[in-house]
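Visitor: I'd like to go over a predicted model; first the sequence, then the structure.
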Amino acid sequence: MSSFANFSQFTGHGGHASIILSLLPIERSLELKQSSLDPSSVDAFEQRLRELTAENWFGLAAALRRAGIEADPAAEYIEAEIGQARATYSDQASAILSAGDPSVSEADLATLSDWLARRFLTEINERRQRDLGVTHYIWRTQDDPKVRTTHAERDDRLFSWDDRFSDGHPGHGYNCRCTAEPAILDGAILLTEVTLSEGLSNRIADAQGAGLADAAAEAVAGGVETLYSTIRFFWLGHRRLFGVITPEEEVERLALREGLIRTIDTIINLDAETVRSMAEAFIDYFDARHADLRLLDLEHRLGLVSEDSLLSAYRQVAYLDASVTLGATALTTVASRLGIGVARLRPRDAIVALRTAAARYDGMLSMRRAFVATYVSRRFADLSTQGHGPQRHEGAVTRAILEARVLRGIGPMTGTRVDGVTRGRHRAPNAASRFTTPEAFVAAENYVRSSPEYRAAREAALFDPAFREGSFEVALPIRDALGPDMMTALEGVVRIGPRNGADPLAAMNFENGLVIAQFRIATDGEPELITMFPVGRRQ
Ligand SMILES: [Zn+2]
């Protein structure tokens, strides 16, 4: 480990070094007055910590209040933490002033104050969340170009406080300005600005369209730039040929020549093996991005991720996909996303960068999937005890059971002609359908519960005298409730001919279909799901 006496050198090293603290007493002579630590600077630092402490609690309390939880800040250790951070600042600031170059001292002090304040806030935030029982957080970056690539990939995603990345939680990396927003408390999701409303599928389509437009615009811009360079290079060549080129133009001509040679080399000078490796690396990377998007879509429908985050991911993935279709821009596009300078791009570097990024996504996905799987199975079990939605319309139900139901009236819960809920005779309906995965079932149920339509229907069932039974039904477009990827998680049969005919059944078409959910208000006033199923629309 390297050691430095100067704080600028220390910070320039990336923090993985030690700083030498001067043990010489600070002389209080008149000449050195400038270089001794002003006590008011230490007080100002402490004041800053107190403001950050209050601001952090304000944010946490607001998130908890949205989930209906009131909490008091535990103050015991905060004072000790503030005292410790104050002492560290005082020591290190004195060291800077006594050992450092006076011309850089002021900037060094500001850097020190920022760094220690951020470290303090990161510690307090994690400790408070863990104390409150928060198990998972949403990673938030500053959303600007200075965010490092590895952190941009984690932006708006859900992670566990118990699963640390190699560079820690948000705010741990040197100069990391990311923050951790509380997401899950005691297994309950803290709704963080999640709004689910009608027309989500249209907004997803708009976001994808915007991604395509971005890629098209960039392809045109890239093409024009290369074309411009080429024309300019030849024009300057003519000026040189006729002896009228200026020295500055000659410098420009040589630079353009270098650039064009590099571009041509990059495109042409690839052997078959490199091209294949690169194609494979691309495919793995895009697969990882698609898997991330699918999980993000599910997380949004479970109430874990905001719509803005979801739409921006749809836009980015559409942009990447379109870049591939548009050919030559794909390599440079992805490379620049991964922080590689396009001008210096070499195929080997690109392959390594793509593989590394894909591996990072895979690691991140398995961390998030573990929680989502636990949440879905717990919620699914909970719904199974409420009504008969899952039993009748998911999982254990097979295509054969759906057909038996339509053709012979066999109830999926009892396996006989007796209805599992009413205990009456199970009538043979003209259609039967199911969700094919618990994810789709739980996501659709959560989507319905988060909709304005659900809230309005529940209000009516609770307070409108017309609803004596206290039960209500909500119908929403399947496209909105499930999203593009989960539209395939549905199966259904419709009777199109006589029951004893040759070909009585057809597959249900869910295009423009609805999710129908029926609820009953339980004795504690909370609606329970009675049943939920997808229905197709007649074409
Ligand atoms: Zn960061």
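Guide: Looks like it came in fine.

Visitor: name the residues of stretch 202-212 that are buried.
Guide: 204, 207-208, 210-212 (16 or more other Cβ atoms under 10 Å). Using the backbone N, CA and C atoms, a C-beta is placed for each residue, glycine as well.

Visitor: just checking, which of the residues you listed belong to helices?
Guide: Among the buried residues of stretch 202-212, the ones falling in helices (DSSP state H) are 204, 207-208, 210-212.

Visitor: export the residues you listed to a markdown table and tack on pLDDT and distance to Gln129?
Guide: Compiled in a markdown table, those are given as follows (pLDDT from 0 to 100; distance: Cβ to Cβ, whole Å):
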| residue | pLDDT | distance to Gln129 |
| --- | --- | --- |
| Ile204 | 87 | 31 |
| Ala207 | 89 | 31 |
| Gln208 | 85 | 35 |
| Ala210 | 85 | 35 |
| Gly211 | 82 | 34 |
| Leu212 | 77 | 39 |
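
Visitor: how about those in TSV, adding distance to the ion?
Guide: Output for these, formatted as TSV (distance: Cβ to the ion, whole Å):
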residue	distance to the ion
Ile204	28
Ala207	24
Gln208	28
Ala210	26
Gly211	24
Leu212	29
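
Visitor: ok, the closest residue to Pro73 other than its chain neighbours to Ala85 distance?
Guide: Distance criterion Cβ to Cβ, 6 or more residues apart in numbering; nearest residue to Pro73, sequence neighbours excluded, is Trp57 at 4.9 Å. According to Cβ to Cβ, to the nearest Å, Trp57 stands 17 Å off from Ala85.

Visitor: what of Arg127?
Guide: Counting by Cβ to Cβ, the gap from Arg127 to Ala85 is 13 Å.

Visitor: try Asp38
Guide: Taking Cβ to Cβ as the measure, Asp38 falls 18 Å from Ala85.

Visitor: ok, those two, which is more surrounded?
Guide: Ala85 (21 against 13; other Cβ atoms under 10 Å).

Visitor: could you say which helix or strand holds that one?
Guide: Using DSSP states H and E, Ala85 sits within helix 76-99.

Visitor: how far off centre is that helix?
Guide: The chain centroid and the centroid of helix 76-99 are separated by 36 Å under Cα atoms, centre = their mean, to the nearest Å.

Visitor: where exactly do the strands run in the protein?
Guide: 2-4, 17-19, 134-140, 158-160, 179-185, 188-189, 431-435, 471-477, 490-495, 505-507, 514-521, 527-535 (DSSP state E).

Visitor: out of these, deepest packed?
Guide: strand 431-435 (a mean of 24; mean count of other Cβ atoms under 10 Å).

Visitor: contacts for that one, please.
Guide: Strand 431-435 is contacted by residues 392-394, 397, 402-403, 405-406, 441, 444, 489-495, 508, 533-536 when judged by Cβ atoms under 8 Å, 6 or more residues apart in numbering.

Visitor: cool, and stretch 453-467?
Guide: 198, 448, 470-476, 517, 519, 521, 525, 527.

Visitor: closest to Asp167 among those residues?
Guide: For the contacts of stretch 453-467, the residue nearest Asp167 by Cβ to Cβ is Val448; the value is 39.3 Å.

Visitor: how close does the closest residue to that closest one other than its chain neighbours get to Val376?
Guide: Spatially, and ignoring its direct neighbours in sequence, Val448 is nearest to Ala517 (4.6 Å; Cβ to Cβ, 6+ apart). Ala517 sits 17 Å away from Val376, going by Cβ to Cβ.

Visitor: so who does the residue nearest to Leu311 when sequence neighbours are not counted touch?
Guide: Spatial nearest neighbour of Leu311, excluding adjacent residues (Cβ to Cβ, 6+ apart): Ala207 at 4.1 Å. Counting by Cβ under 8 Å, 6+ apart, Ala207 makes contact with 311-312, 314-315, 318.

Visitor: which of these tops the neighbour count?
Guide: Tyr314 (24 neighbours).

Visitor: against Glu76, how distant is the closest residue to that residue other than its chain neighbours?
Guide: Nearest residue to Tyr314, sequence neighbours excluded (Cβ to Cβ, 6+ apart): Ala207, at 4.2 Å. Distance, Ala207 to Glu76, using Cβ to Cβ: 46 Å.

Visitor: just the pLDDT for Leu52.
Guide: Here, the pLDDT recorded for Leu52 equals 93.

Visitor: residue numbering should commence at 4 henceforth.
Guide: With the count now opening at 4, the last piece we talked about shows up as Leu55.

Visitor: need the residues of the chain near the ion, please.
Guide: The interface of the chain toward the ion, taken as Cβ under 5 Å from the ion, is made up of 154, 179, 181.

Visitor: dump the residues you listed into TSV; add distance to Leu239 as well.
Guide: Formatted as TSV, these follow (distance: Cβ to Cβ, whole Å):
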residue	distance to Leu239
His154	42
Cys179	45
Cys181	46
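
Visitor: so how far is stretch 49-69 off the chain centroid?
Guide: Stretch 49-69 sits 24 Å away from the centroid of its parent chain (Cα atoms, centre = their mean).

Visitor: tell me which residues in that stretch are buried?
Guide: For stretch 49-69, a neighbour-count test (16+ other Cβ under 10 Å) marks 49, 51-52, 55-56, 59-60, 63-64, 66-67 as buried.

Visitor: for those residues, which one is nearest Gly366?
Guide: Nearest to Gly366 among the buried residues of stretch 49-69: Ala66, at 26.8 Å, using Cβ to Cβ.

Visitor: picking up where we left off before, I'd say the residue nearest to Val451 and Ser453 touch.
Guide: No: Ala520 is beyond contact range of Ser453, at 11.9 Å (criterion: Cβ atoms under 8 Å).

Visitor: can you map out the helices along the stretch 354-503 of the chain?
Guide: Assignment of helices within the stretch 354-503 of the chain using DSSP state H, counting those that start in this stretch yields the ranges 392-396, 402-411, 441-452, 455-466, 481-489.

Visitor: pick out the shakiest of those, pLDDT-wise.
Guide: Here these differ in mean pLDDT, and the lowest is helix 392-396 at a mean of 58.

Visitor: pull the contacting residues for Arg89.
Guide: Contact analysis of Arg89 by Cβ under 8 Å, 6+ apart lists 45, 48-49, 52.

Visitor: rerun at 10 Å
Guide: 45-46, 48-49, 52, 119, 123 (Cβ atoms under 10 Å, 6 or more residues apart in numbering).

Visitor: do the same with Arg523
Guide: Going by Cβ under 10 Å, 6+ apart, Arg523 touches 389-390, 464, 472-475, 530-534.

Visitor: Asn449 now?
Guide: Listed by Cβ under 10 Å, 6+ apart, the contact partners of Asn449 are 192, 197, 199, 301, 303-307, 378-379, 382, 484.

Visitor: repeat the analysis, applying 6 Å as the threshold.
Guide: Taking Cβ atoms under 6 Å, 6 or more residues apart in numbering as the criterion, Asn449 is in contact with 305-306.

Visitor: just to revisit the earlier point, out of the contacts of stretch 456-470, what pair is the most spread apart?
Guide: Glu201 and Gly528 (26.0 Å).

Visitor: neighbour count: these two, which is higher?
Guide: Taking Glu201 and Gly528 together and counting by other Cβ under 10 Å, Glu201 has the greater number of neighbours (13 against 9).

Visitor: report pLDDT for that one.
Guide: On the pLDDT scale, Glu201 is placed at 66.

Visitor: same thing with Arg541?
Guide: Looking at Arg541, its pLDDT reads 55.

Visitor: check Ala90 too.
Guide: The per-residue pLDDT of Ala90 was computed as 93.

Visitor: state the number of residues packed around it.
Guide: By the measure other Cβ under 10 Å, the count of residues near Ala90 is 11.
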